[in-house]
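J.: After the sequence you'll find the predicted model.
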Amino acid sequence: MWRHKLADLEQTALAAIQAAATPDALEKVRVEILGRKGSLAAVSREMGKIPPEERAAVGKRLNAVKDAVESALEAKQTQFARAALNARLDAEWVDLTLPSPGAPAGSLHPVTQIQSEIEDLFESMGFVVLDGPEVETEYYNFDALNIPPDHPARDMQDTFWMKDGNLLRTHTSPVQVRGMERLGPPLRMIAPGRVFRNESVDASHEHTFYQLEGMMVDREVSVAHLLYFMKTLLQGIFHREVAVRLRPGFFPFVEPGFELDIQCLICGGKGCPVCKQSGWVELLPCGLVHPNVLRFGGIDPDQWNGFAFGLGLTRLVMMRYGIDDIRLLQGGDLRFLKQF
Ligand code: FA5
């Protein structure tokens, strides 16, 4: 009778273990069989009722059932653990043979892009591209441009002075003089670059911004030549007619001097913070090179003359892309820069 009871118990227990579908269900089965109030414990408690001559055999059989149940439980637990591990490995699976996504690509800053376009345009018209130092001498930034010490024009451009008497160039015009010295007449040059002014910053003024200087020296250069190149420049950048106005402008290094303004493309001329509500943006001051400047460059003004211009490159970029605050351009915000 005990033999049958234990055989039934073993069979039921092993079937329940096999049927357990989850680790929780298996644990429940384990407690039902092996727990303190489980079916095997119930049999143990009844050992006293077994005739003494059968007790040893039943005890042995009971232990065998217990061992069989424990190894079935262990096998099932291992099976669950393996399945869980496989599921995790499946979820974390990576294909090591896939090509890597690569480093994120950067892009050229809009000022650099437009600078390159203007360089291409002027190179196609026989101009060379020159570079000049950002830390400049007083001589090249002012004196050689016909702005002697104590000249009120020095106050037009608030200057960052260095302790040694040099300065951060306030415009790209010093490259005119360096260019004349280097190339001699006749010459056609442009000089893009960074310039610095000690002035308060607002929607259209930065302390650090970009200009692009241009100069042509030849025989009998006239205002008509100047206007032709300025028109070609604006057409090349905007690819459409933009309203411009020319007014007299004073710069000691040109005579006559002009301010070439373009109608504000942010507000269409209605007035906004960028154009200071005037509808016009100062973009392209220019003029015929002053004879004194030619002399400083080692060129005889009786034989040669020329024109020069100083394009506000950063402002041009604002007009071209409709950027309504100059501070965005050097703010370092990649979300902004990624749009170009
Ligand atoms: C000059 O710097 C002269 N060197 C230009 C020149 C060259 C005249 C050759 C004649 C012949 P101005 O200070 O106006 O001029 O500056 C030139 C342009 O730079 C301005 O028209 C404007 O577009 C831009 N600019 C001036 N100040 C700032 C600023 N703080 N932030 C951004 N752009 C500026």
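T.: Everything's here; your move.

J.: gap between residue 310 and the ligand?
T.: Distance, residue 310 to the ligand, using CB to the nearest ligand atom, to the nearest Å: 2 Å. C-beta here means a position set from N, CA and C on the backbone, and glycine is covered the same way.

J.: Wasn't that residue part of a helix?
T.: No. Using DSSP: H, G, I helix; E, B strand; the rest coil, the assignment for residue 310 is strand, not a helix.

J.: That one contacts residue 174, doesn't it?
T.: No. At 10.9 Å, residue 310 and residue 174 do not qualify as touching, with contact defined as CB atoms under 8 Å.

J.: For this protein, give the residue positioned nearest to the ligand.
T.: As assessed by CB to the nearest ligand atom, the ligand sits closest to residue 312 within the chain, at 1.9 Å.

J.: tell me the secondary structure for the nearest residue to that residue once chain neighbours are set aside?
T.: The shortest distance from residue 312 to any non-neighbouring residue, by CB to CB, 6 or more residues apart in numbering, is to residue 283 (5.3 Å). Put simply, residue 283 is strand when judged by three-state DSSP.

J.: Tell me how many other residues crowd residue 283.
T.: Using other CB atoms under 10 Å, residue 283 has 22 neighbouring residues.

J.: Does it touch residue 313 like I think?
T.: No. Using CB under 8 Å, residue 283 makes no contact with residue 313, being 9.5 Å away.

J.: if we can go back for a sec, got the contact list for the residue nearest to residue 312?
T.: By CB atoms under 8 Å, 6 or more residues apart in numbering, residue 283 lies in contact with 260, 261, 262, 311, 312, 315, 316, 319.

J.: Got the phi and psi for the second one?
T.: Right, the one you point to is residue 261. Dihedral angles of residue 261 (phi, psi; degrees, to the nearest 10) stand at phi -110, psi 150.

J.: Of the contacts of residue 283, just the buried ones, PyMOL syntax please.
T.: Here is the PyMOL command that selects the buried residues among those (16 or more other CB atoms under 10 Å):
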select buried, resi 260+261+262+311+312+315+316+319
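
J.: Quick one, grab the pLDDT at residue 288.
T.: Residue 288 is assigned a pLDDT of 98 by the prediction.

J.: Am I right that it falls within a helix?
T.: No. Secondary structure of residue 288 (three-state DSSP): strand, not part of a helix.

J.: So it is in contact with residue 309, correct?
T.: No. The pair residue 288 / residue 309 is not scored as a contact, 10.7 Å apart, by CB under 8 Å.

J.: Looking at the two, which has the bigger crowd around it?
T.: Set residue 288 next to residue 309 and count neighbours by other CB under 10 Å: residue 309 wins out with 24 against 19.

J.: That one reaches residue 230, doesn't it?
T.: Yes. Between residue 309 and residue 230 there is a contact at 6.6 Å, judged by CB under 8 Å.

J.: Quick check, pLDDT for the residue of the chain closest to the ligand.
T.: Residue 312 is assigned a pLDDT of 93 by the prediction.

J.: before we move on, what about residue 9?
T.: With respect to pLDDT, residue 9 scores 85.

J.: helix or strand right after the strand or helix carrying it?
T.: Here residue 9, judged by DSSP states H and E, is contained in helix 2-19. Under the assignment DSSP H and E, the closest C-terminal helix or strand after helix 2-19 is helix 23-34.

J.: That next one packs against which elements?
T.: Helices and strands touching helix 23-34, by 3 or more CB pairs under 8 Å, 6 or more residues apart in numbering; DSSP states H and E, are helix 2-19, helix 39-45, helix 52-91.

J.: which of these has the lowest average pLDDT?
T.: Lowest mean pLDDT within these: helix 39-45, at a mean of 82.

J.: Please enumerate residues in contact with stretch 328-340?
T.: 107-111, 113, 206, 208, 314, 317-318, 321, 323.
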